[in-house]
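Undergrad: 3D, please:
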Amino acid sequence: MISANRMWGTVGAGARRAAAWPFRVAAARATLRTLSNMDRRELADIGLNLSDVRDASALPLDRDPTALLARRARERRRDAFGPPQCLRPPDDRDNLPGHRQPAPLEPKPAGQGARLVRTG
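TA: All right, here's what the predicted structure looks like:
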C-alpha cells in the first residue's frame with residue numbers, strides 16, 4: 001500500500017507540472033518565433049531549415065518542439081560527415097560463378113594515351 005506522504009508527493013508533483021504547462025508552452029512558442037525570424041543561412045548554421053521550423057510549429061501545444069528540432073539537426077550533422085552511402089544495391093549476379101567482373105582500370109605510363117587539343 002502507498003504511504004500518505006508518497007501519495008501527496010505524487011499529487012503535488014502532478015499539480016506543479018500542470019501549473020507550469022502554460023509557461024513551458026509560452027517558452028517553446030517564443031523559441032519558434034525566434035527561429036521563424038531567422039533567414040535560411042542562419043538556420044543552416046545551426047543545422048536546420050525552414051521546413052524544420054514549419055514542422056515544429058505544427059506540433060500540438062503540449063509537445064516540446066525543441067526535441068524535434070534537435071533530432072533533425074543531429075540527423076543532418078550525422079549524414080553530413082558519415083560514410084558515403086552505396087548508390088547501387090548489391091546484385092545477386094555479382095556472386096554467381098562464371099559472371100565476368102569488369103577489369104580494373106590500370107594507370108597508363110606518363111605520355112601514353114595523351115592527346116593534343118588544338119585551341120584556336
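
Undergrad: Stretch 46-62 - what's its average pLDDT?
TA: The pLDDT scores in stretch 46-62 average 89.

Undergrad: ugh, wrong one, stretch 66-73
TA: 90.

Undergrad: And the helix or strand harbouring Arg78, what does it pack against?
TA: Arg78 belongs to helix 65-81 when assigned by DSSP states H and E. Under the contact definition 3 or more Cβ pairs under 8 Å, 6 or more residues apart in numbering; DSSP states H and E, helix 65-81 sits against helix 4-36, helix 50-57. Placement of C-beta: from N, CA and C, glycine included.

Undergrad: list the buried ones in that helix?
TA: 65, 69, 72-73, 76 (16 or more other Cβ atoms under 10 Å).

Undergrad: what does stretch 42-61 give?
TA: In stretch 42-61, counting by 16+ other Cβ under 10 Å, buried: 43, 47-48, 52-53, 56.

Undergrad: low pLDDT regions in the chain?
TA: Scanning the chain for pLDDT under 70 picks out 1-2, 82-120.

Undergrad: ok, back up a step: using JSON lines, please lay out the helices and strands packed on helix 65-81 together with distance to Phe81.
TA: As requested, those are arranged in JSON lines below (distance: least, Cβ to Cβ, whole Å):
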{"stretch": "helix 4-36", "distance to Phe81": "24"}
{"stretch": "helix 50-57", "distance to Phe81": "19"}
